[in-house]
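> Return atomic coordinates for the entry below.
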Amino acid sequence: MRLVCSVPAIAIMTLFLFQTTNAQLCRGSLGDPIVNITFGAGANPGQPLSAATTTYQYAANDCPSDGSYTVRNSTSQCFYNEWHSLSADHTGNANGYFMLVNATYQPGAFYLETVRGLCSNTTFEFAAWVANVHKPTACSGNGIQPNLTFTIEKTDGTVLSTYNSGNIPPTASPAWQQVGFYFTTPVGVTDVVLRMVNNAPGGCGNDIALDDITLRPCGPNITASILGLTSNNQAFCQGEAHSYTFTGTVMAGYANPSLQWQQNINGSGWVDVPGATTTTLLQDFPASMMAGTYLYRLSAVETGNMGSTTCRTASNPISITINSNLATTASVNTPVCTGDSLILTATGGAQYQWTGPGSFSSTSATVSINNAQPTHSGKYYVTVTNAGGCMNQDSVTVTVNTAPLATAAPAISDICQGVDVQLTASGGTRYQWIPATGLSSANIDNPIARPTDTVNYTVVVYNEFSCSDTAMVTVNVAAKPYANAGPDKSIFEGEAAQLEGVVEGSDIYSWSPVLNMTNAQLLNPVVTPPTNTDYLLTVVSELGCGTATDTMRVFVYKDIFVPNAFTPNNDGRNDSWNIPALNALPNFEVRVFNRYGQLVFNTRNINRSWNGKFNGTDQPIGTYVYLININNGKRILKGPLLLIR
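Residues are numbered from 1 along each chain as shown. Alright, predicted model coming up:
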């Protein structure tokens, strides 16, 4: 849309414009940017500008060469560290892009843009933030200093206004400065061309970073405030009702200004408040008003141009913040039992204040009361405050139930293996014995215990509130005595045998008879009986758990008797050929041969009887020959053996 302004030119420009060595910037109030080139934000490198925006060539690398530019959020040690390393854009945003230009030897346009639909006969500010990226020591201290010309042209190329920044000297550390100027559009001119040109000669230096190129309407100073208050920032809590009167002042500069109050709700953008066209605005905030941030400002423009937002200038914003009501929650881990930890928890705020029975007080969101007692029972209140100062209160009811006092008997019981003992517990309504080993029941107060080994029983006693206490009973189990007199022994008359007794469950034992015995209180005494003798091992429990006995026999042989016949006919009498006295010999070998000299039976050092078979086949009746080698050939016994069926 093309906007035509019919008002006279601004008369008192010096009231809201100023000029410094490097800039002629608006001193009054600015309007919203018509052009706002921030270059965006993100990871390196940024996207190139459109071809019509600059005469320089885009380069994606960190350090562009002569006649090139790049878009980045940082630089690092360009050209052997002769350039400053930039870590952010001019606002300090580490992800914010800026335009980095390595100037050509010939003047060229850093930035070029056509703007349409401006109001004619209106003042605008054309500015940019610039940093000389050359260090003072670069180029042997003789680096060329950047020099910029800002030009406003008609679309046919006619120059309307121009401004030169002068040299921008290097600084010891990166330094951003805003340079630019203001201009007034002639009557009937609504479309202009903005141009930023490099003026410095070629050579070492003349390299810059550009950021935030803006074109904004410029007008007299406009201020806005809240009547009766010293601060333009007010905050209250949702549900409260407030009313404010906003007042605005427009300094001289407009010939015939039109006014319009605007509001911006939660960053949604500035919109006109219907009918609010005077220097005051009464704004009501009822209790039903939604939470959020409400901004207000007074905008002004020459009468006739109010319909174009590209002409308006605006005051400082007034901020009204309605903080959300708190969604407060309070909770407690009750009911708990005496001695437990009581945990109070609140959420939803930034600050907390607890109060409760017994002058209890705490400022923590979560409160732990150790070793809780019934005196801690009662109602606890918490006041929660959020970052905006809004408060809410909640409460919880705490119940601390009395714990039972568990008892168990007997504390210690000594029993013999296989004997019962009754355990008892008291103090509650429900019982649990741990472990259940050897118990008639693990869930009653008086179980019968018959463990096989010593056990420590713990009983958990519960009352009607499921609170618990524990007690312990130890049942010591003494093993029954055990006696093993060992294997039978075989000796020859006049020899000795050592007994091999084994006992368990007691250290009290003895052998009998004691005649011809070295020591009856030893488990392995040596005996020399003259004839076959039975020896009795007796063990007596020292804990009263009974007596155990076992008997072994010592066979005494006067000589080796070898039977000369046997009848293996399975009649139960003399069915095998056996030589008992061989049991008394540690080394021997028995061999039996048939009439053909064939070996049909053989045993070495193991006293086995012969059943009259060879390879599982009954051998025929007849006479066989035996040969007994005693003590490795020291003694040889031989003779006939008659097999009869």
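
> contacts, neighbours, all on C-alpha from now
Noted.

> Can you tell me which residue is spatially central in the protein?
Centroid check for the chain by CA atoms, centre = their mean gives Thr366 as the closest residue, at 19.9 Å.

> can you map out the helices along this structure?
Along the chain, counting by DSSP state H, helices occupy 78-81.

> Below-threshold pLDDT in this protein: ranges please.
By pLDDT under 70, the low-scoring segments of the chain are 1-23, 202, 632-633.

> Might one say that Lys558 is in contact with Pro529?
No - applying CA atoms under 8 Å as the test, Lys558 and Pro529 come out as separate, 11.9 Å apart.

> which one of those two has more residues nearby?
Pro529 (21 against 12; other CA atoms under 10 Å).

> Okay, the more buried one and Pro586: tell me how far apart.
Pro529 is 19 Å from Pro586, where distance means CA to CA, to the nearest Å.

> In the sheet, which strands lie alongside the longest strand belonging to the chain, parallel or antiparallel?
Across the chain, the longest stretch assigned as strand under DSSP state E is strand 207-219. Under the criterion DSSP bridges, strand 207-219 sits next to strand 29-30 (antiparallel), strand 35-37 (antiparallel), strand 98-102 (antiparallel), strand 123-132 (antiparallel) in its sheet.

> how far out from the middle of the chain is the third one?
Centroid separation between strand 98-102 and its chain, computed with CA atoms, centre = their mean, to the nearest Å, is 44 Å.

> Other residues contacting that strand?
Contacts of strand 98-102 with the rest of the structure, by CA atoms under 8 Å, 6 or more residues apart in numbering, involve 38-39, 64-73, 89, 110, 206-211.

> and with 6 Å instead?
The contact list for strand 98-102, computed with CA atoms under 6 Å, 6 or more residues apart in numbering, reads 39, 65-72, 89, 207-211.

> Ok, the last one next?
Applying CA under 6 Å, 6+ apart, the contact partners of strand 123-132 are 170, 175-184, 208-218.

> Tell me the buried residues in that strand?
For strand 123-132, a neighbour-count test (16 or more other CA atoms under 10 Å) marks 123-132 as buried.

> picking that back up, now the strands paired with strand 207-219 in a markdown table, with distance to Ala449?
Formatted as a markdown table, the strands paired with strand 207-219 follow (distance: least, CA to CA, whole Å):
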| stretch | distance to Ala449 |
| --- | --- |
| strand 29-30 | 95 |
| strand 35-37 | 90 |
| strand 98-102 | 86 |
| strand 123-132 | 92 |
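
> With respect to Ala496, which of these lies nearest?
Closest to Ala496 of those is strand 98-102 (CA to CA; 112.3 Å).

> about what we covered before: what number of residues lie near the closest residue in space to the residue nearest to the centre of the chain that isn't next to it in sequence?
Leaving aside its sequence neighbours, Thr366 sits nearest to Thr345 (CA to CA, 6 or more residues apart in numbering; 4.4 Å). For Thr345, the number of neighbouring residues by other CA under 10 Å comes to 17.

> just Pro563 next, same as before
13.

> for it, phi and psi?
Backbone torsions for Pro563, taken as degrees, to the nearest 10, come to phi -60, psi 140.

> what residues are up against it?
No contacts exist for Pro563 under CA under 6 Å, 6+ apart.

> Pull up the gap between it and Phe98, please.
Relative to Phe98, and taking CA to CA, Pro563 is found at 123 Å.

> next one: Tyr244
Distance from Tyr244 to Phe98, by CA to CA: 41 Å.

> again with Val540
102 Å.

> Neighbour count for these two, which is higher?
Per other CA under 10 Å, whichever of Val540 and Phe98 has more neighbours is Phe98, with 27 against 22.

> for that one, which residues make a bridge with it?
Arg72.

> same thing with Ala109?
Using DSSP bridges, the beta-bridge partners of Ala109 come out as Val197.

> Enumerate every residue touching it.
Counting by CA under 6 Å, 6+ apart, Ala109 makes contact with 54-55, 196-197.

> List the contacts of stretch 143-163.
With CA under 6 Å, 6+ apart, stretch 143-163 has contacts from 164-169, 192-200, 204-206.

> Quick one, which of these are buried?
If we count by 16+ other CA under 10 Å, the contacts of stretch 143-163 have these buried: 164-169, 192-200, 204-206.

> For stretch 401-418, report the contacting residues that lie outside it.
So stretch 401-418 is in contact with 337-338, 423-427, 452, 461, 463, 467-471, 473-480, 545, going by CA under 6 Å, 6+ apart.

> circling back to that earlier point, so which of the strands paired with strand 207-219 gets nearest Thr437?
When the strands paired with strand 207-219 are compared by CA to CA, strand 98-102 sits nearest Thr437, at 79.5 Å.

> For the closest one, C-alpha coordinates in PDB please.
C-alpha atoms of strand 98-102 as PDB (Å, rounded to 0.1, in the frame of the first residue of the first chain):
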ATOM      1  CA  PHE A  98      26.200 -11.200  12.500                       C
ATOM      2  CA  MET A  99      27.600 -10.300   9.000                       C
ATOM      3  CA  LEU A 100      31.400 -10.400   8.800                       C
ATOM      4  CA  VAL A 101      32.800  -8.400   5.800                       C
ATOM      5  CA  ASN A 102      36.400  -8.400   4.300                       C
END
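
> What sits closest to Tyr97 if chain neighbours are left out?
Asn73 is the one closest to Tyr97 (CA to CA, 6+ apart), at 4.3 Å.

> neighbours of the one you found, just the number please.
Residues lying near Asn73 (other CA under 10 Å) number 25.

> now do the one 10 residues further on
Using other CA under 10 Å, the number of residues around Trp83 comes to 23.

> just Ala584 next, same as before
Around Ala584 there are 20 residues (other CA under 10 Å).

> give me phi/psi at the closest residue to Asn371 other than its chain neighbours?
Of all residues not flanking Asn371 in the chain, Gly339 sits nearest, at 3.9 Å (CA to CA, 6+ apart). For Gly339, the backbone dihedrals (degrees, to the nearest 10) come out as phi 90, psi -20.

> Next, find the distance separating Gly339 from Met196.
Counting by CA to CA, the gap from Gly339 to Met196 is 79 Å.

> tally of neighbours for Gly141?
Here the number of neighbours of Gly141 (other CA under 10 Å) works out to 11.

> show me the contacts for Arg616.
Just so we're on the same page, residue 616 is Gly rather than Arg. Residues in contact with Gly616 (CA under 6 Å, 6+ apart): none are found.

> Next one: it from Asn167, what distance?
127 Å.

> Arg312 too?
Per CA to CA, Arg312 is found 33 Å from Asn167.

> who's in contact with Gln619?
Shown in contact with Gln619 (CA under 6 Å, 6+ apart): 612-613.

> now swap in Val527 and tell me
496-497, 516-517.

> and the residues you listed as JSON lines, adding distance to Gln263 and neighbour count?
What follows is those, written out as JSON lines (distance: CA to CA, whole Å; neighbours: other CA atoms under 10 Å):
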{"residue": "Ala496", "distance to Gln263": "123", "neighbour count": "19"}
{"residue": "Ala497", "distance to Gln263": "119", "neighbour count": "21"}
{"residue": "Asn516", "distance to Gln263": "124", "neighbour count": "12"}
{"residue": "Met517", "distance to Gln263": "121", "neighbour count": "18"}
